[in-house]
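A.B. asks: coords please:
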Amino acid sequence: MTDLDRQTAEYFDLLAQADYAPPPYRQMSLSAAEAALGEVADAVIITDRNGDIIYSNALASEICGNLLGLLPGQPLDETLQLQDEQNARITPLLPPAEVTAEEIADKREFSASLLVEDNEPLKINIQITAVREAAEVQSFILLLRHTVAARRISSLLSWQNSHDALTRLPNRQHFERELQTAINRCGDNKQQQHTLLYLDVYQFKVVNDTLGYSAGDALLNTLTRRLSFCLNKNDVFARIGSDEFALLLRNCSLEEAHPIITRLLAAVNAFVFRWKDSETRPALSIGAVAVDHQASPAPQLLIAAKDACSSAKAQGRNRVKFSRSKGKTLGKPRESAWLAEVQAAIRENRLLLYRQPVVALQQQQQLHHYEALVRMRDRDGDIITPGIFLPAAERYGLINEVDRWVIREVFSYMALEEHSGSNIAHYAINISGISLGDELFSDFILHELTTSGIDPSRVQFEITETSAINNLDQALRFIHKLHAVGCQFALDDFGRGVSSLAYLRQLPVNYLKIDGSFVRNMLSDDIDRAMVSTINHLAKHMGINTIAEYAETPELLEQLRLMGVDYAQGFGIAAASVLPKIPAN
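C.D. replies: Down below sits the predicted model:
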């Protein structure tokens, strides 16, 4: 028996006090197995010993182009038409019944052409695994995989669009669909009740900013696993923000949710996150809202749950706020408070400028430019990261004023660099979607360029692909107008949206910033590495330079260099730091 260390023992003791015991080991249910197989990037077919189909996932039907032919009970050899390199039919695919178990290989792999009706033969790789029980072969598992990496990436897009790449939990869009379905069913059955929980992780942003993204990722993954143990199999657990999660407790009233919430708080309260020489004690703030036949649509109900979570957060760590609001009337005390705080910070000059270097990977990591970043100092002197106050600024239309403040201050700083004769650097400035859609914003920038007297070629503007696509006509006018005076442009978070490639030809940008969700795991994830390589290759063909975000280790930087990526930024180079003071002449 494995001995428990002190920390683990304390954890289970607290859970016991919360009237909770870890679930006993159980075999995976058939529905869970089917759900898991449906998410993989390969076609999966399972047959019995005689070669009759037991199961096939959706991708198998898509590849074969014959949904009805892959139904359970159909003979595999009749439904899967394969040819070898000499165009000879490969049959039988599985060992005949007279072949003994000892003669059957545990696993074999080969390439073939799949004959698809009304289409060209498809080059695939087939892997056949024999499943044994008591030394006898009971079934076979076939994996069919496109031999072209790009096709495999394409097959993953549907999964990536509905799940968070880091935690592998459903994302906000997927969760909202599940929540809306639950609300609709409550309308059909007025006795049905569920509970919506909105969870905010305290200390995540601190870990991210002080220990790096790798530490933040490790914290979220560990918390995700701990929280999952507290849930029932039918509950929906999703990551809907950087440090925010949502839970749909199915068939559970607000009163019945109390012990589950207690388990969640106990699981986190017993946890100490250790990273190198640092220890962090995370905490949760939870907002709980009833889901029944009177509930508003999913987006409004999520906002009501977030309001309750904000109220809990205002009361301290590990607090819960239960709300009977159905989402009809939504108060915004915390976001409204941040709105007032941002307005005051602008008036009282409490916004701060930071910068993070972007280096040239093909030139021994020489400095190429800085990305300008905004922070806020609160009334107690503490530094507030943008993820906390900018959402309120965006929600209430104040982000345009923040963007204008950043541009004035960065241009002023760049002018001081020129006048003082100090190191003259280039700067990238983020532009929000709201400012991008403001027809007067480009004129404001041109005025500030003229007033400051700086060289426009030193200025680069970063716009996200989402904001560019949502404001395509205005984005094109904005880019062309500022390109004409010498400014450059970068498309930020590239690769996150499905429609990226369709619009890239229309956007005359100088740089593509490869989304950090692909970069950070590319050493251990073949798909992420393929995505980075594909984006970089595409950019090169279009004459666009590439910048990799979230470059956190020397090994990752070297791999990006070998891949041909032009520039990189991240904790592996330097963390963001406050703009240094320029000494007077």
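
A.B. asks: can you map out the strands along the stretch 351-500 of the chain?
C.D. replies: 351-360, 366-377, 383-384, 427-430, 459-464, 488-494 (DSSP state E, counting those that start in this stretch).

A.B. asks: mean pLDDT lowest for which of these?
C.D. replies: Ranked on mean pLDDT, the bottom entry among the strands of the stretch 351-500 of the chain is strand 383-384, at a mean of 82.

A.B. asks: what sits up against that one?
C.D. replies: The contact list for strand 383-384 (C-beta atoms under 8 Å, 6 or more residues apart in numbering) reads Leu352, Arg375, Met376, Arg377, Asp378. C-beta coordinates here come from the backbone N, C-alpha and C atoms, glycine included.

A.B. asks: go on, stretch 71-84?
C.D. replies: With contacts defined as C-beta under 8 Å, 6+ apart, stretch 71-84 is touched by 45, 47, 51-55, 64, 66, 69-70, 89-94, 112-115, 121, 126, 142.

A.B. asks: Now restrict those residues to buried residues only.
C.D. replies: Burial by neighbour count, 16 or more other C-beta atoms under 10 Å: within these this picks out 45, 47, 51, 53, 55, 64, 66, 69-70, 93-94, 112-115, 126, 142.

A.B. asks: Please list the members of those residues that lie in helices.
C.D. replies: Counted as lying in helices by DSSP state H, out of the buried ones among the contacts of stretch 71-84, are Cys64.

A.B. asks: any idea how far the closest residue to Leu59 other than its chain neighbours is from Arg377?
C.D. replies: Spatially, and ignoring its direct neighbours in sequence, Leu59 is nearest to Ala43 (4.5 Å; C-beta to C-beta, 6 or more residues apart in numbering). From Ala43 across to Arg377, the span is 55 Å (C-beta to C-beta, to the nearest Å).

A.B. asks: likewise Phe441?
C.D. replies: To Arg377, Phe441 is 26 Å away according to C-beta to C-beta.

A.B. asks: who's more crowded, these two?
C.D. replies: More crowded of Phe441 and Arg377, by other C-beta atoms under 10 Å: Phe441, with 20 against 15.

A.B. asks: tell me the pLDDT at that one?
C.D. replies: Phe441 is assigned a pLDDT of 93 by the prediction.

A.B. asks: Grab the nearest non-local neighbour of it.
C.D. replies: Nearest one to Phe441, counting by C-beta to C-beta, 6+ apart, is Ser435 at 4.9 Å.

A.B. asks: Repeat that for Arg317.
C.D. replies: Excluding the flanking residues, the one nearest Arg317 by C-beta to C-beta, 6+ apart is Ala283, at 3.9 Å.

A.B. asks: what residues are up against the residue nearest to Leu59?
C.D. replies: Going by C-beta under 8 Å, 6+ apart, Ala43 touches Ser56, Asn57, Leu59, Ala60, Glu62, Ile63, Cys64, Leu143, Leu144, Arg145.

A.B. asks: How about Val459?
C.D. replies: So Val459 contacts Phe411, Met414, His426, Tyr427, Ile429, Leu449, Gly486, Cys487, Gln488 (C-beta under 8 Å, 6+ apart).

A.B. asks: beta partners for the last one?
C.D. replies: Same thing as Gln488. With DSSP bridges as the criterion, Gln488 is bridged to Gln460.

A.B. asks: So it versus Asn545, what's the distance?
C.D. replies: As judged by C-beta to C-beta, Gln488 and Asn545 stand 10 Å apart.

A.B. asks: how many neighbours does the residue nearest to Phe441 have?
C.D. replies: Using other C-beta under 10 Å, the number of residues around Ser435 comes to 26.

A.B. asks: Let me see the contact set for it.
C.D. replies: Ile399, Asn400, Asp403, Arg404, Phe441.

A.B. asks: hang on, the third one packs against Ser432?
C.D. replies: Yes: Asp403 is in contact with Ser432 according to C-beta atoms under 8 Å; the separation is 5.6 Å.

A.B. asks: Which pLDDT value goes with Leu71?
C.D. replies: What the model reports for Leu71 is a pLDDT of 71.

A.B. asks: burial measure for it, as a count.
C.D. replies: By other C-beta under 10 Å, the residues close to Leu71 number 12.

A.B. asks: model confidence over stretch 533-540, on average?
C.D. replies: If you average the pLDDT over stretch 533-540, you get 90.
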